Structure formats: C-alpha cells, structure tokens
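Q: Here's my sequence, what's the structure:
(2 chains)
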Amino acid sequence: MTFQQLIFWFFSAVLIFASLRVITARNPVHAALFLVLAFCTAAGIWIQLEAEFLGIALVLVYVGAVMVLFLFVVMMLDINIEKLRQGFWSYLPVGATVALLLVAEMALVLTGPWFGLEAAPQPTSAPAGYSNTKELGRLLYTDYVYPFELAAVILLVAIVAAIALTLRRRKHGKYIDPGEQVQVKRNDRLKIVSMPAEKKGD
Amino acid sequence: MEFIMPLWPAYPELFLLVMTCVVLIVDLFVSDDNRIVTYGLTQFTLAGCALLTFFTGNPEPVYTFSGMFVDDLMADVLKLLTCVSVIMVMVYARAYNAARGMFRGEFFTLALFATLGMMVMISANHLLTLYLGLELLSLSLYAMVALQRDSVRATEAAMKYFVLGALASGVLLYGMSMLYGATGTLEITELAQLSTQGVQAQLVLVFGLVFIVAGLGFKLGAVPFHMWVPDVYQGAPTAVTLFIGSAPKFAAFAMVMRLLAQSLGAEMLVDEWRHMLTVMAILSLVIGNLTAIMQTNLKRMLAYSTISHMGFLLLGVLSGTIDGYGAGMFYVVVYVLMTLGSFGIILLLARSGFEAENLEDYKGLNQRNPWYAFLMLLLMFSMAGIPPTVGFYAKLSVLQAVVSIGMWWIAVVAVVFSLIGAFYYLRIVKLMYFDAPVDTAPIAASGDVRALLSANGLAVLVLGIAPQPLLVLCIEAVRASI
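A: As a prediction, this is how the structure comes out:
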C-alpha cells in the first residue's frame, strides 16, 4: 500500500464516520460540527484527485461561510430533536427494507465489470505547472457559459422566492419614514391653544 | 484562443431574461394601485418572446453555446405555444389574483422565470442544461404555489411539491450520472450516436434509464409517481394551478422527447423503456380515471383527469415511431388547450371569498349564463374524447400509433378506461344543464377574458372539425428534430 492509498483510506473512513454521526447525533450542534468534519475530509479527497481548486473552495465556501451560518441558525432555533424522532422506529422496518433492496440491486450493477479499474483507468496526472483554477475558469466562461448563467438565474429566482415568501409588512407597524420625519414643521407638533386668562382666587 | 458562438438562436431566451429583470426592477417603483403596469409589461415580454421565437425559427437544427443549446422546429413550435399559453394564463388569472391580493410583482416575475426555465428545457441539447432548466421551472413553481402564505392548504401543497420534486430531481440526476458513466458524454446528440453504435456498458445504460424514467414519471405526474398531483392542484391558488397544469406540460413533453426519443432512441433501448412506459401508462389510465369519479372537488377531479391524460401521452411516446411522437405532441397541445379553458371557467366563476371549486357550484350554470355553460360543455366533451371535439382526434391519433406497433390490447384498455372516464366529465354537463342553480351571483367578466375564453372554447370545436393541419405540424416538427 502506498502512502497515497493510506491517506485515501484514512480520509474515507473519517468521512463515513462523520457522515453517519451527522444523522445519528442527538445534539443538532454536534451534527453540524460533524458535517464540518465531513466537508473537510471530502476536501482532502478532492485534493488527492488533483482538484485543488474545488477542495479549497469546499473548505472556504462550505466550512467557512455556509456552515458557520448554519451553526448560528441551529443555535438560535431551539429544535426539539425528540419530537423529530417520533415514529422513527415504526417507520424503520419499511424504510430499511426498501433501502436494503435498493442497495442490493445497485450493488449487482455497480460491482459488475463496468465500474472496475479496467473500465475507468487512472488518468495521466497533470504536469507540475498545471493550473487547475485557470483551466476551470476558462471552461466556465467559454464552453459552460450557458449553464453558468442559468445557475446565476436560479440563484436570482431563489432570492425573489425567498423574499416573496417571507417579507411581511406589518399592518400596525411602528415604522417611521425618515423622509417624512425630517420634513416635520413646528405646526405639526406644537399646537397653541388660546385660552381666556383665569382670575386668581375665584 | 478563438471562441465564437452565434447568439441569434437564443434571442427569445435572452430577451425574456433581460425583460424579466426589467419587470423585477420596474415593479419596485409601481404602487399597488398601478400594478397594471407590471401586468402590461409582462404581457409585452411574453408577446415579444413569442414573436422573436417565430422570426428566429428555422427548419434545420442550429446548435450554439458549445452544443448545449439547440434551436429546431420542435423547439420553435413548443416555445411559441408556451409563450401563448402563459399569456392566456395571465389574462385568465388577473381578476382572480386581484381579488386575493396576489396581483403582485412576485407572481409575474416568478411566472416569467418559470417560462424561461421551460424554454431552456425545450431547447436543451445537453443533460446539464436540461436539468438546470427543470430546476429553474420547479423552483419558481414551488414559490408560486406558496404565494398565499397564510393559507394552510397552499403551504402544505407547496411543501409536498417541494420535497417530492427535490427527490425526483435527485433521481433524475442519478440516472443522468449513470448515462455519463456509461458513455462519457452529456451532450444529447453525442449520446444518441453512442447509444446507436451500442456501448459496451449496456447494462449501466439501462440502469440509468430506470432512474431517468422514474424521474420523468414524477415530473409528468404519471402513476405510480403521481402522489403530488392532486394535492398540489387542489391546494394551490387556482391561478397557479392553471399555470402548473398548462405550459409546463410542453416542457415536460420536450424533456421526454430529448431524453428518451433523442438520447436513448436506439432500437435496443427503445425496447427497454417501452416496457416501463407501458406499465406507467396503463396504471395512470386506470387509477386516474377511477379515482376521478369519486372526487367532489373540481380541481382535484381535474388533477386525476390530468394523470389519465398523461397516461395517454405516454401511449403516444411508447410507440417509439415518429408518428407516435407526433401524436404525443398533438395530445399535449390539445390537453393544454382544454386545461386552459376549463380552469379559465373556474377562475371566471370564482370571486372574492368564493373559489367555485366544488361540483355543486356548477349546478344550473346554463340558467345563469348559457354561453359559458356551452363553452364548458365543449371542453368537457373534448376531455372525454367525444367527437367532433378535438379531444377525440387526440385520443384517436395516439391509439393509432399504439396499434401500428401491434399493441392492440393497450388500445383496448385505453378505450375502456376513457369510456369509464367519460362519466365524470358528463356529470358536470348534467349538473350544468339539468340541475337548479345553487349559487345565483351574477358572473362578472372583463371583455378580454370573455373574448379569450370564447376563442379557447371554440378552438376545441374548430380544431376538432379540422385537426389535420395541427397534427401534420406536430409530426413534421418531430420529424425535423429527431
């Protein structure tokens, strides 16, 4: 076993363990932290596959930005995990049977000769000066510009949909328009009422 | 490094995208009383898109964006029809939306984005763009279903649609990844070549095919992947149901064509997916028609009728011949026309605080307004497949396609179940003509709705008397593209 293979097995073992813990951990914060671990090990495997840029992007974007937000939300929301687990045992037999059947059927195809080392030989590794990032950038903005733009449109739809579904203007809100506020005149605030003077001692 | 791509075949999509962004921004500066500006701009966008599609259309397929986009006759015809049907949806839905506080910018922008998604799907020549178009369409639809966010039924429907739709997308993607594993390409024209030559990994290809057919079944709403259809149709606001039930069916048909007929159209593979589609088609016909009989809610009944119509559509596709695909396309066009009309009538009768979605709301419609009752009669006859309406020819051409490949028994089953299905369509006619009205409120409709609805209802009759041009157009479009 070469050193590279050793690293691969190590990362894979950690990845599987972390993924399992994500769905079995009782505490949602722990689950989120295990997800971070899963992302980091997955990034390690990607870097081993010579996809350095994607590995780094995974750590930066998912671990650095998305998961921090996620952890924040999990901590803010008081999720009752026991309630979510209700009915788990009663559904388990059916779910497990279906899952096992699927796995068995898929194993029959996937362990055939079509996915072995002969069918997918190891690609020749790129030379030392090869820039992964540059190559990705070139492809993304030339051959794949159409799907790239479509993905951007999908994000735009996500923004519009999220705002449309969550933005609420309260009917009796105490919101004050600063534009109107600065235009206020003395007469709007102060009312001088003339009253007849009263005599003392009446 | 040289990089050239002709943009003109994609002008309709580009125009639609730019104008959608314009609508999005203009709507910010429009007050609630002037929302008609957004409406007008939306209609202008759709009409412009339809015109551009017409003028950039060409009989020979043109590829651009590095072979990811194709502009062929089938794409042109379907895109044109998509734009027209979205325009009709907007006209029908206007009063309904205004009465329910949904006459807002979000409805228009999301509908335009969904239309863009459909057009991308129709013109896809790459599994990646097909999938992205599908997601663009689906995400907009999920949000549109949930637009009435205080309605429990609508949010429940949106939730179900979202979860099942995400699952279906996952299944579809998994199937696509298997195709990539077997052939090493995602481009549809290349896939078609490779699968005709016969790849070594035939079993992997069939394995991926199973997942793709399951994903397509979900998106079409064919049994056994139909569970979301009735809940979404009933739970969504009727205007959104109309939208979901009409134009996206063109995109779904295009997806079936691109994936099954084009990518996997090789002789051996057709045999493989024919069996799967046969099972799905027969189950859809049986369960759709039988369950529809028991419904008292018209929207839910039309949902089950949609399932049975999708069964008929699959009959056309499973024949695997050009005529069969053409018949399938004809069926989709006719189906969308009928759906637009019947949901148009529901929207017409609905008013503030009243949905007109129960069967008894249609009692005595003839006494309230004979013309609308007659239009509904035409639409119901057409859905049931009674001559001389166009629904009869749609069913006939599909059955011809099935018989031509020697599958007599399927044609017999289909005829028997459409006879059973005729019961629930005719029940509505009976309620309209022979029962005393329960609801006696006057039916108010603006001039454009009245004219369009009349044209829609009469089109069912006119196309039924002269179905040949449309049928020929559909067959020619498929022949030029596959």
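Q: contacts, neighbours, all on C-alpha from now
A: Fine.
Q: Can you pull out the low-pLDDT segments for chain B?
A: Along chain B, the parts satisfying pLDDT under 70 run over B:1-4, B:198-201.
Q: Show me which residues of it sit near chain A.
A: B:3, B:65-66, B:68, B:106, B:110, B:113, B:128-129, B:132-133, B:135-136, B:139-140, B:143, B:146-147, B:149, B:201, B:203-204, B:207 (Cα under 8 Å from any Cα of the partner chain).
Q: at 7 Å what do you get?
A: Contacts of chain B with chain A, taken as Cα under 7 Å from any Cα of the partner chain, map to B:65-66, B:106, B:129, B:132, B:136, B:140, B:143, B:147, B:149, B:201, B:204.
Q: B:Phe54: which of these is nearest?
A: B:Phe65 (20.4 Å; Cα to Cα).
Q: could you list every residue that touches the closest one?
A: Going by Cα atoms under 7 Å, 6 or more residues apart in numbering or on different chains, B:Phe65 touches A:143, A:146, B:5.
Q: can you rerun that using 6 Å?
A: B:Met5 (Cα atoms under 6 Å, 6 or more residues apart in numbering or on different chains).
Q: Output the lowest mean pLDDT helix or strand found in chain A.
A: When each helix and strand of chain A is scored by mean pLDDT, DSSP states H and E, helix A:81-84 comes last, with a mean of 70.
Q: which parts of whichever helix or strand comes after that one are buried?
A: Note on helix A:81-84: by DSSP states H and E, the next helix or strand toward the C-terminus is helix A:88-110. For helix A:88-110, a neighbour-count test (16 or more other Cα atoms under 10 Å in any protein chain shown) marks A:Leu110 as buried.
Q: repeat for stretch B:38-55
A: Residues of stretch B:38-55 classed as buried: B:38-39, B:41-43, B:45-50, B:52-53 (neighbour count, 16+ other Cα under 10 Å).
Q: Residues touching that stretch, excluding its own?
A: B:12, B:27, B:80, B:83.
Q: now, which of those residues sits nearest chain A?
A: B:Asp27 (12.4 Å; Cα to the nearest Cα).
Q: what number of residues lie near that closest one?
A: Using other Cα atoms under 10 Å in any protein chain shown, B:Asp27 has 22 other residues around it.
Q: Is it part of a helix or strand, or is it coil?
A: helix (DSSP: H, G, I helix; E, B strand; the rest coil).
Q: Domain ranges for chain A, per the record?
A: A:1-81, A:132-167 (automatic domain parsing).
Q: With chain B as the reference, name the closest of those domains.
A: That would be domain A:132-167 among the domains of chain A, by Cα to the nearest Cα, at 5.5 Å.
Q: Return the set of buried residues in the closest one.
A: Those would be A:142-148, A:150-151, A:153-154, A:157-158, A:160-161, A:164, for domain A:132-167 by 16+ other Cα under 10 Å.
Q: Then stretch B:337-356?
A: B:337-351, B:355-356.
Q: most centrally placed residue in chain A?
A: A:Val66 (4.9 Å; Cα atoms, centre = their mean).
Q: Next, that residue: phi, psi?
A: Dihedral pair for A:Val66: phi -70, psi -50, per degrees, to the nearest 10.
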